[in-house]
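K.L.:
my questions concern the predicted model and sequence given below.
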Amino acid sequence: MKNSTMNTRETVFSAPTRRSEAHHKQLSVRTWLRLYACSNLIEQQIQQKLRAQYGTTLARFDFLAQLVREPLGMKMNVLSKKLMVSGGNITGLTDQLVKEELVVRQDDPLDRRSYLLICTEKGHQEFSEMAKSHERWVSELLGELDVTEIEQLYSCLDHLKNRLSTHS
């Protein structure tokens, strides 16, 4: 009798737990896919607006954004890591932006073998104008959410980011 009671308890407690774990896994994957879809949709719309209004790409915008944050310049390999793209992509973008006088290459005083990329005044001005539009576009895209929903979403994503950072 004792064994049948134990088996019944195990069944009672195990089944919901297994269903809950399975549901959690399924919901986790669905949530990740939804995050990915939302990110792609926002990125596509921003990309279209940057191209239409400024004749530029999101990659160039991100490149300038990183350099604007580093007034003393940044090595190409550091920029490549921050943007999560290959060195070849950075070289191509750098060549274009140097040609347009938005970025300059400057010898690195601490390492004669490399140079720093520095955003020019013209680059700062162009980026500043694009950044204002970018902020407005993102605000419009998230405009269907009220402030409380945006705060909740931000809080959840911040929590997720912090948890993910501890796994790497």
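P.N.:
Yep, it's here. Numbering: from 1, shown residues only.
K.L.:
Val98 and Val104 touch, don't they?
P.N.:
Yes - between Val98 and Val104 there is a contact at 6.6 Å, judged by CB atoms under 8 Å. All C-beta atoms are positioned from the backbone trio N, CA, C, and that covers glycine.
K.L.:
gap between stretch 149-156 and the chain center?
P.N.:
Stretch 149-156 sits 16 Å away from the centroid of its parent chain (CA atoms, centre = their mean, to the nearest Å).
K.L.:
before we move on, the earlier item: between Val98 and Val104, which contacts overlap?
P.N.:
Residues touching both Val98 and Val104 by CB atoms under 8 Å, 6 or more residues apart in numbering: none at all.
K.L.:
so which bits of the lengthiest strand in the chain are buried?
P.N.:
Longest strand in the chain by number of residues (criterion: DSSP state E): strand 111-119. Residues Tyr115, Leu116, Leu117, Ile118, Cys119 are the ones in strand 111-119 that count as buried (16 or more other CB atoms under 10 Å).
K.L.:
neighbouring strands of it in the sheet, and parallel or not?
P.N.:
strand 74-75 (antiparallel), strand 103-108 (antiparallel) (DSSP bridges).
K.L.:
ok, then the element right after the first one?
P.N.:
Along the chain past strand 74-75, the next helix or strand (assigned with DSSP states H and E) turns out to be helix 76-83.
K.L.:
just put the strands paired with strand 111-119 in JSON lines and tack on mean pLDDT, mean neighbour count and distance to Glu135.
P.N.:
Shown next, in JSON lines, are the strands paired with strand 111-119 (pLDDT from 0 to 100; neighbours: other CB atoms under 10 Å; distance: least, CB to CB, whole Å):
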{"stretch": "strand 74-75", "mean pLDDT": "93", "mean neighbour count": "18", "distance to Glu135": "23"}
{"stretch": "strand 103-108", "mean pLDDT": "93", "mean neighbour count": "15", "distance to Glu135": "22"}
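K.L.:
let's have those strands in JSON lines, adding distance to Lys49.
P.N.:
Formatted as JSON lines, the strands paired with strand 111-119 follow (distance: least, CB to CB, whole Å):
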{"stretch": "strand 74-75", "distance to Lys49": "26"}
{"stretch": "strand 103-108", "distance to Lys49": "22"}
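K.L.:
quick check: Gln66 touching Lys82?
P.N.:
Yes - Gln66 is within contact range of Lys82, at 5.4 Å (criterion: CB under 8 Å).
K.L.:
between these two, what contacts are shared?
P.N.:
With CB under 8 Å, 6+ apart as the test, Gln66 and Lys82 both reach Met74.
K.L.:
what's near enough to touch Phe61?
P.N.:
So Phe61 contacts Leu50, Phe127, Met130, His134 (CB under 8 Å, 6+ apart).
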